[in-house]
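# One predicted model, sequence on top.
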Amino acid sequence: MPAPSSNEFVDTSRTLELLHSPLKMFGVLAAGLVMTSLSLLLVVPIVPELAGDPVVRGLGIVGALFFGSCSVVVLRQWFTPEAVITISPAGLRDVRVARAFIPWPAIERLSTWTFNGQSFLVIAVAPEVERRLPLTRTARWTRGPNRKLGADGLCVSAHGLKVDFATLAALVHAYAATYAAPAATDPGP
């Protein structure tokens with residue numbers, strides 16, 4: 001899907017559903033499984049030089065648990081047919097952030113944040129609305145650390161989706177402008 005260049009080319013009366021890209025999800029799953037396997041190699045005494053070191057073994061256990069859990073989450077998402085991000089006249093919903101829609105009038109600011117080469121759309125929501133949103137566990141856990149790193153809002157990315165970040169940002173900005181979100185305009189990338 002090419003990036004819309006202005007609001008006039010985006011039909012903001014429609015509801016858009018952005019889905020996972022099976023190819024991108026396969027790549028993420030493969031990376032998770034490789035990292036889990038490498039971590040397990042530190043736990044299982046296959047490499048004699050590392051077999052007796054409790055620090056290496058501990059790192060292997062932590063790595064295997066972390067990357068194994070990430071792989072399970074990716075696998076679960078891969079087989080979930082629902083839209084990851086829904087953009088509609090009612091608002092914006094990213095199921096990785098919250099199960100409910102964020103209404104356009106509650107979005108106070110939109111900005112772009114880049115961390116480790118990945119771009120995020122940072123959505124600053126009115127505090128009273130954010131308190132009522134059923135945020136996912138991941139969104140709750142990362143909210144504080146992201147704020148300290150410079151992303152004060154709910155972070156939405158195109159990672160693993162069939163669209164790129166520029167298209168996602170352009171769509172969100174077009175809908176926000178149409179539905180009178182008080183968001184400051186940051187054209188994104």
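Received the coordinates, thanks.

# low pLDDT regions in the protein?
Residue ranges of the chain with pLDDT under 70: 1-8, 47-48, 50-51, 181, 183-189.

# mind listing the strands for it?
16-18, 85-88, 91-94, 107-115, 118-125, 154-156 (DSSP state E).

# Would you convert these into CSV that also reports distance to residue 79 and mean neighbour count?
For the C-beta atoms, the positions are set from N, CA and C on the backbone; glycine is no exception. Shown next, in CSV, are these (distance: least, C-beta to C-beta, whole Å; neighbours: other C-beta atoms under 10 Å):
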stretch, distance to residue 79, mean neighbour count
strand 16-18, 17, 16
strand 85-88, 18, 20
strand 91-94, 18, 24
strand 107-115, 28, 18
strand 118-125, 24, 21
strand 154-156, 22, 23
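
# Any chance of those in TSV with distance to residue 148 as columns?
What follows is the strands of the chain, written out as TSV (distance: least, C-beta to C-beta, whole Å):
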stretch	distance to residue 148
strand 16-18	28
strand 85-88	25
strand 91-94	21
strand 107-115	12
strand 118-125	13
strand 154-156	13
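
# what's the closest of these to residue 72?
Across these, residue 72 has its closest neighbour in strand 91-94 (20.1 Å, C-beta to C-beta).

# Show residues contacting the closest one.
84-86, 99-104, 106-107, 123, 154, 156, 172, 175, 179 (C-beta atoms under 8 Å, 6 or more residues apart in numbering).

# what do you get for stretch 16-28?
Defining contact as C-beta under 8 Å, 6+ apart, one finds that stretch 16-28 is touched by 74, 77-78, 80, 83-88, 158-163, 168, 171.

# so how far is the first residue of it from its last?
End-to-end span of stretch 16-28 (C-alpha to C-alpha, to the nearest Å): 24 Å.

# chain center to it: distance?
Chain-centre distance of stretch 16-28: 12 Å, with C-alpha atoms, centre = their mean, to the nearest Å.

# Report the buried residues of it.
For stretch 16-28, a neighbour-count test (16 or more other C-beta atoms under 10 Å) marks 16, 18, 20, 21, 25, 28 as buried.

# before we move on, the earlier item: which among the contacts of stretch 16-28 end up buried?
For the contacts of stretch 16-28, buried by 16+ other C-beta under 10 Å: 74, 77-78, 83-88, 158, 160-161, 163, 168, 171.

# where along the protein do the helices fall?
Along the chain, counting by DSSP state H, helices occupy 22-43, 54-78, 127-132, 137-149, 165-178.

# Tell me which of those helices sits most buried.
The highest mean neighbour count among these, using mean count of other C-beta atoms under 10 Å, belongs to helix 165-178: a mean of 21.

# Show me what that one is packed against.
strand 85-88, strand 107-115, strand 118-125 (3 or more C-beta pairs under 8 Å, 6 or more residues apart in numbering; DSSP states H and E).

# Done for today, thanks.
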